[in-house]
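Engineer: what shape does this take:
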Amino acid sequence: MDGVRTLLDALPAPMRDPVLFAIPFFLLLLVLEWTAARKLESLAGASAGDRPAAGAYQRRDAWASLSMGLVSVATTAAWKSAALLGYSAIYAYLAPWHLSATRWYTWVIALVGVDLLFYTYHRIAHRVRLIWATHQAHHSSQYFNFATALRQKWNNSGEILMWIPLPLLGVPPWMVFASFSVNLIYQFWVHTERIDKLWRPIEFVFNTPSHHRVHHGMDQLYLDRNYGGIFILWDRLFGTFQAEEFRPHYGLTKQVDTYNIWTLQTHEYLAIARDVRSAHRWRDRLGYAFGPPGWVPREAAVSPK
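Structural biologist: Model (predicted):
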């Protein structure tokens, strides 16, 4: 532990991931929300028909989310360590100029750029099955609360590739990581049913709990909507915005009935492998891997059941 602490102390301050410092606040808010949910359940009951009550927690589901989040801290650090080498080379040898970290506009470029690239990656992740396999675990809970925010993926390779334009534009690599950490920290608070719609100008510009509840909904109206991280403006600009019209049903369209975190992270990869192996034509194999989730060959789609 002393060696790890010495290594962290040796890092320049900007390289110390802000997410690590935010974890105690994440846990505090989670405990407060969980405690409030338990109190409300005791007063009003937890049943809500065929789904959990608004803001409810289920112990095994929450622990699965927390466990995935803890593993994600380690896997994300590994991916970032690998990316740092690549970003540094791009920044040093390919960027036509180097933006100064002391200029306010560099931070605007970094923060807005990360958010736009997050929107782009997030939208691709919902429309390309092989990338969806990395992301679907975050959507696998039928509960929507602060624990769900910690139910993170372990494979960050897609995001790492998506950030390449920023060091290429001269944004210092450490600022790319710091900006994404700010983005990730912001997204924690939008995972709650305890906050209703906010003041309309805020709802128009920013991602809010109402907008993100829609994103986690498995209802047909809500599928593949509201991809923004900090700003919901991208969704408004690019035609993927959907306002919250009713309380969503959360989870996957085909629910995964397990709390095993390894299964939750890997089951879609195995499903892709089975579908590809069963296909007889290359175009079908490519469709199963790179088509949208739920893609099937045209012949299968139109055949009687």
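Engineer: low-scoring stretches of the chain, by residue?
Structural biologist: 1-50, 300-305 (pLDDT under 70).
Engineer: now do the strands in the protein.
Structural biologist: 47-48, 51-52 (DSSP state E).
Engineer: now the last one, how far from the centre of its chain.
Structural biologist: Just to be clear, that refers to strand 51-52. In terms of Cα atoms, centre = their mean, to the nearest Å, the centre of strand 51-52 is found 22 Å from the chain centre.
Engineer: paired strands for that strand, with orientation please.
Structural biologist: strand 47-48 (antiparallel) (DSSP bridges).
Engineer: let me see the contact set for the closest residue in space to Trp132 that isn't next to it in sequence.
Structural biologist: In this structure, Trp132 finds its nearest non-sequential neighbour in Pro293, 4.9 Å apart by Cβ to Cβ, 6 or more residues apart in numbering. (Glycine included, C-beta is placed from N, CA and C.) Going by Cβ atoms under 8 Å, 6 or more residues apart in numbering, Pro293 touches His126, Arg129, Trp132, Gln136.
Engineer: distance of Pro293 relative to Leu166?
Structural biologist: 28 Å (Cβ to Cβ, to the nearest Å).
Engineer: how about Ala78?
Structural biologist: 20 Å.
Engineer: neighbour count winner among those two?
Structural biologist: Leu166 (25 against 11; other Cβ atoms under 10 Å).
Engineer: the more buried one reaches Leu117, doesn't it?
Structural biologist: Yes: in this structure Leu166 lies within contact range of Leu117 using Cβ atoms under 8 Å: 7.3 Å.
Engineer: give the buried residues for the lengthiest helix in the chain.
Structural biologist: Using DSSP state H to assign secondary structure, the helix with the most residues in the chain is helix 59-93. Across helix 59-93, burial judged by 16 or more other Cβ atoms under 10 Å covers 61-62, 64-69, 71-72, 75-76, 79-80, 83-84, 87, 90-91.
Engineer: check stretch 153-161 too.
Structural biologist: Those buried within stretch 153-161 under the rule 16+ other Cβ under 10 Å are Lys153, Trp154, Asn155, Asn156, Gly158, Glu159, Ile160.
Engineer: which other residues reach that stretch?
Structural biologist: Against stretch 153-161 from outside (Cβ under 8 Å, 6+ apart): 68, 71-72, 75-76, 79-80, 82-83, 118, 121, 124-125, 131, 134-135, 137-138, 180, 265.
Engineer: domains in the chain, as residue ranges please.
Structural biologist: 59-260, 264-291 (the TED database).
Engineer: got the ones you listed as TSV, with distance to Ala53 columns?
Structural biologist: Compiled in TSV, the domains of the chain are given as follows (distance: least, Cβ to Cβ, whole Å):
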stretch	distance to Ala53
domain 59-260	9
domain 264-291	23
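Engineer: single out the most deeply packed of the ones you listed.
Structural biologist: domain 59-260 (a mean of 18; mean count of other Cβ atoms under 10 Å).
Engineer: distance of Thr76 relative to Phe180?
Structural biologist: In terms of Cβ to Cβ, Thr76 sits 10 Å off from Phe180.
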